[in-house]
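Participant: This is the structure alone, sequence omitted:
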Ligand SMILES: Cc1cc2nc3c(=O)[nH]c(=O)nc-3n(C[C@H](O)[C@H](O)[C@H](O)COP(=O)(O)OP(=O)(O)OC[C@H]3O[C@@H](n4cnc5c(N)ncnc54)[C@H](O)[C@@H]3O)c2cc1C
């Protein structure tokens, strides 16, 4: 046994683990050790928000989350992310869509601010230390990492979910939790590209279009998003697609994506515009019919889908053809064949359910064991919602673990 005399062992030095370390340290004089399997803490954080770290959102509300939304009520009294970051000396700024970033627009500043505060509070960081097991012996937790044994009075598991395993989050945290009798709901990749029939998108690779996107089951919309859709190798991508991906993952094989790529036009306005274009361009090949409405390659693909040759002159296409083109612009279908794998997912749908922890995020199976972050069954949309949860749940678990150490049993 390594004599370490740890009060609070934090398993995972990602967003929520660092937040937990800082909050536990600020609220107590506990001896805190972060165990991180990678050579340094916060590797994933550096990649968030395309390197800018979209750390929260002005509009945090349950509608932007899926999973066990009871978790959100646990953090309702936690200070907001702007205040939490002011506490570690980081100034934030908001863009015109309510997304909150560090003022520097550099993710590294977020990590630096957390690391510096943790160091100033005496938090110990053990990197390249992979926790493979945790046991509880009476009131002491035994942490097994790199074949060493460490003892701690309390443990916070902040090891993330399964998304983006190259950043260290490969799902080992679930195994650690299951050891104490916890369950884990079915896990799905979230915020990931949606895979479709490659033949339907091959010619469109690299293009982007603004669209209203619906996820359909039996032709009926079960969710909608609006934004830019990107066509890639056998997949649809973009923020609006990411936000539908977890729901699509649960319904692979029975759902479709429908794109309305002219959402600002009613069916009638669009059909009238196409009849008028066909008249104005009557001597031109009908690939010119859609000039100005959609990208040329998208137009060519749409004509192909409805069975019109691009070289047919506009004057030779029928009324029915024009109506068919209008119909496909408003409802362009793509089957969901799969979701991209975990390596391209930004978050995890599913996890440990709220009923297995107290409102202070302590395990109901083992006193002194806490959880925070993505390992729990709550998943946000793109826009800073996942990191907001990571900070708030980390803050809460950190304080609760400190209070547990200071005051004995705690719920
Ligand atoms: C590319 C990308 C961009 C993103 N951008 C944003 C964004 O802009 N805004 C937003 O809100 N969300 C974003 N997210 C999601 C967000 O980063 C995560 O939801 C958040 O980091 C989860 O925090 P966490 O602390 O639970 O887990 P993580 O940040 O994944 O941290 C878990 C840590 O635990 C370590 N670990 C795991 N198992 C062990 C073990 N057994 N022993 C020791 N260490 C272990 C891992 O190495 C890792 O460092 C993005 C995700 C990705 C992949």
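Facilitator: Perfect, thanks for sending it. All values derive from a computational prediction rather than experimental measurement. Residues are numbered from 1 along each chain as shown.
Participant: so what's the nearest residue to residue 102 once chain neighbours are set aside up against?
Facilitator: Spatial nearest neighbour of residue 102, chain neighbours left out: residue 109 (4.5 Å); criterion: C-beta to C-beta, 6 or more residues apart in numbering. (Glycine included, C-beta is placed from N, CA and C.) Counting by C-beta atoms under 8 Å, 6 or more residues apart in numbering, residue 109 touches 53, 90, 102, 103.
Participant: any residues touching the helix-or-strand element of the chain with minimal mean pLDDT, and which ones?
Facilitator: When each helix and strand of the chain is scored by mean pLDDT, DSSP states H and E, strand 2-11 comes last, with a mean of 83. For strand 2-11, the external contacting residues (C-beta under 8 Å, 6+ apart) are 17, 20-21, 24, 28, 30-35, 131, 134, 141, 143, 148-159, 173, 176, 398, 401-402, 405.
Participant: do the same with stretch 59-69
Facilitator: With C-beta under 8 Å, 6+ apart, stretch 59-69 has contacts from 57, 72, 80, 98, 185, 190, 246-247, 349-351, 353-354, 376-381, 383, 385, 388-389.
Participant: filter these down to the ones near the ligand?
Facilitator: Filtering the contacts of stretch 59-69 for neighbours of the ligand using C-beta under 6 Å from any ligand atom leaves residue 385.
Participant: filter the contacts of stretch 59-69 to the buried ones?
Facilitator: Buried members of those, scored by 16 or more other C-beta atoms under 10 Å, are 57, 72, 80, 190, 246-247, 349-351, 353-354, 376-381, 383, 385, 388-389.
Participant: Residues of the stretch 1-150 of the chain that sit close to the ligand?
Facilitator: Near the ligand, when you scan the stretch 1-150 of the chain using C-beta under 6 Å from any ligand atom, you find 11-17, 35-38, 44, 47-49, 53-54, 130-131.
Participant: among those residues, which ones are buried?
Facilitator: 11-17, 35-38, 44, 48-49, 53-54, 131.
Participant: Next step: those residues restricted to strands.
Facilitator: 11, 35, 36, 131 (DSSP state E).
Participant: between those residues, which is closest to the ligand?
Facilitator: Closest approach between these and the ligand, by C-beta to the nearest ligand atom: residue 131, at 3.8 Å.
Participant: Tell me the buried residues in the helix or strand harbouring residue 304?
Facilitator: Take DSSP states H and E as the rule and residue 304 turns out to sit in helix 296-306. In terms of neighbour count (16+ other C-beta under 10 Å), helix 296-306 has its buried residues at 298, 299, 300, 301, 302, 303, 306.
Participant: on contacts alone, who are the packing partners of it?
Facilitator: Applying 3 or more C-beta pairs under 8 Å, 6 or more residues apart in numbering; DSSP states H and E, we find helix 296-306 packed against helix 319-330.
Participant: What segments of the stretch 101-250 of the chain are helices?
Facilitator: 107-120, 172-178, 198-201, 239-249 (DSSP state H, counting those that start in this stretch).
Participant: can you redo these as JSON lines with mean pLDDT?
Facilitator: As requested, these are exported to JSON lines (pLDDT from 0 to 100):
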{"stretch": "helix 107-120", "mean pLDDT": "98"}
{"stretch": "helix 172-178", "mean pLDDT": "98"}
{"stretch": "helix 198-201", "mean pLDDT": "91"}
{"stretch": "helix 239-249", "mean pLDDT": "96"}
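Participant: What about the residue of the stretch 251-400 of the chain found nearest the ligand, how many residues nearby?
Facilitator: Relative to the ligand, the nearest point of the stretch 251-400 of the chain is residue 373 (2.3 Å; C-beta to the nearest ligand atom). By other C-beta atoms under 10 Å, 33 other residues sit near residue 373.
Participant: wait, doesn't it sit right on residue 394?
Facilitator: Yes. With contact defined as C-beta atoms under 8 Å, residue 373 reaches residue 394; the gap is 6.4 Å.
Participant: Please parse this structure into its domains.
Facilitator: What automatic domain parsing lists as the domains of the chain is 2-187+348-407, 190-262+333-339, 267-330.
Participant: Can you give me every residue that contacts residue 223?
Facilitator: Here residue 223 is in contact with 214, 215, 244, 247 (C-beta under 8 Å, 6+ apart).
Participant: Quick check: beta-bridge partners of the first one?
Facilitator: In other words, residue 214. residue 224, residue 258 (DSSP bridges).
Participant: Quick check, it in contact with residue 221.
Facilitator: Yes. In this structure, residue 214 is within contact of residue 221 by C-beta under 8 Å, at 4.1 Å.
Participant: any residues in contact with both of those two?
Facilitator: residue 258.
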